[in-house]
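# this is a predicted model, with the sequence first.
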Amino acid sequence: MLGRYLDRLPFSGATGAPMTIQPRGLLKGASIFWFCSLLVGQWMFLYYIIAFYGFSVLTGNLEIWNRFEPLGSTPYVAGDFGGNLAFAAHALGAGIVAFGGALQLIPQVRNRFPRFHRINGYIYLTTVLGLALSGFYLVLIRGTSPDMLSAIGTCINGVFILYFAYMALRCIKNRDIGNHRKWALRLFLVSNAQWFLRVGVFSYLITGTLLGLEPGFGDPFFPMWTFGCYLLPLLTLQLYFYAAERGDPQIQYVTSAVLIVLTVALIIGVVGYTPFLHSLIAGEVPSL
């Protein structure tokens with residue numbers, strides 16, 4: 001989907017002359033680099049959801065959710081059947097978003113299997129709506145957010161999910177395919193905000209440590225990232241749309257550079273986050 005605005009030929013130059021990367025081709029390559037990196041990270045996250053939350057629900061061992069307690073989170077509450085059920089549905093729904101959402105963005109799947117794309121799209125929309133509503137319940141009624149700022153950030157994220165889902169559905173009903181794809185991309189980003197939140201935290205901690213900056217949880221980054229985990233992806237996507245449609249080479253070069261830098265940061269976060277998830281699955285007490 002991200003490459004649909006772009007030309008197929010990324011290089012130019014006469015025979016025997018040095019090949020130069022064209023801005024449209026670079027922008028397309030940067031978008032593919034971003035998507036492939038995100039796809040790998042999302043499906044590794046899917047494995048964690050199945051192995052940790054799926055296994056705990058099947059075995060009835062919901063107490064393992066509280067392995068997050070050293071980090072200030074105790075999702076499982078004894079005797080709270082409704083709250084535990086809502087949390088389980090919310091966690092498992094994130095797996096559908098990680099798997100089904102990414103499939104919606106792959107052009108080959110969309111073009112060769114339009115019926116699957118349509119059915120998967122409705123399943124995806126239903127799931128993200130459920131995630132938004134269960135998120136409101138967990139934050140506003142069950143009080144799972146660690147502080148008020150996080151609760152506000154999560155609620156704003158939920159409002160974005162509901163609005164973007166409505167716009168994506170409205171556009172497809174009106175057969176406005178171009179705008180449908182834009183709203184679907186925005187929906188994909190905000191529905192994965194909590195994944196971006198976690199990956200971004202690990203990217204910040206690892207990068208800051210490598211640079212000798214001694215990052216800590218009292219840094220301004222953390223309250224800002226509560227909102228940045230969905231605002232930054234949305235702003236970057238809007239920049240991509242602008243660069244792809246305007247066709248200005250300088251803007252395309254700048255946008256490509258932004259995409260590449262953010263993708264590298266994403267990869268660093270995924271590399272750091274994955275061992276942490278494996279430690280949870282193995283029953284170890286998480287530490288940062």
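Alright, I've got the coordinates.
# all strands of this protein, in order?
Assigned by DSSP state E, the strands in the chain fall at 11-12, 20-21.
# in terms of mean pLDDT, which of those strands ranks lowest?
Mean pLDDT values for those show the minimum at strand 11-12, a mean of 36.
# can you list the buried residues in stretch 95-110?
Within stretch 95-110, the residues scored as buried using 16 or more other Cβ atoms under 10 Å are 95-105, 110. (Each C-beta comes from the backbone N, C-alpha and C, glycine too.)
# repeat that for stretch 45-58.
45-49, 52-54, 56-57.
# and the contacts of it?
Residues from elsewhere that reach stretch 45-58 (Cβ atoms under 8 Å, 6 or more residues apart in numbering): 61-62, 64-65, 88, 91-92, 94-95, 98-99, 195, 277-278, 280-281.
# can I get it as CSV, trimmed to CA atoms?
What follows is stretch 45-58, C-alpha atoms only, in CSV (Å, rounded to 0.1, in the frame of the first residue of the first chain):
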residue,chain,number,x,y,z
PHE,A,45,4.7,-9.8,19.2
LEU,A,46,2.0,-12.1,18.0
TYR,A,47,4.0,-15.1,19.2
TYR,A,48,4.4,-13.6,22.6
ILE,A,49,0.6,-13.0,22.9
ILE,A,50,-0.2,-16.6,22.0
ALA,A,51,2.6,-18.1,24.2
PHE,A,52,1.9,-15.9,27.2
TYR,A,53,-1.7,-14.7,27.2
GLY,A,54,-3.2,-17.5,25.1
PHE,A,55,-1.5,-20.2,27.1
SER,A,56,-2.6,-18.7,30.4
VAL,A,57,-6.2,-18.5,29.3
LEU,A,58,-6.2,-22.1,28.1
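# hmm, back to that, which of the buried residues of stretch 95-110 lies closest to residue 183?
Distance from residue 183 was checked for each of these by Cβ to Cβ. The minimum falls on residue 104, at 11.9 Å.
# is it true that that closest one touches residue 118?
No - under the criterion of Cβ atoms under 8 Å, residue 104 makes no contact with residue 118, lying 10.0 Å away.
# which stretches of the stretch 101-250 of the chain form helices?
Defined through DSSP state H, counting those that start in this stretch, the helices belonging to the stretch 101-250 of the chain, from first to last, are 107-112, 114-136, 148-173, 177-191, 193-210, 221-246, 249-281.
# would TSV of these with distance to residue 73 and mean pLDDT be doable?
Rendered in TSV, the data for those read as follows (distance: least, Cβ to Cβ, whole Å; pLDDT from 0 to 100):
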stretch	distance to residue 73	mean pLDDT
helix 107-112	35	87
helix 114-136	15	91
helix 148-173	11	94
helix 177-191	21	94
helix 193-210	12	94
helix 221-246	15	95
helix 249-281	12	92
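# nearest to residue 30, out of those?
Among the helices of the stretch 101-250 of the chain, the nearest to residue 30 by Cβ to Cβ is helix 249-281 (3.9 Å).
# quick check: angle from that closest one to helix 193-210?
For the pair helix 249-281 and helix 193-210, the angle between their directions (axes from the mean of the first three to the mean of the last three Cα atoms, to 10 degrees) equals 90 degrees.
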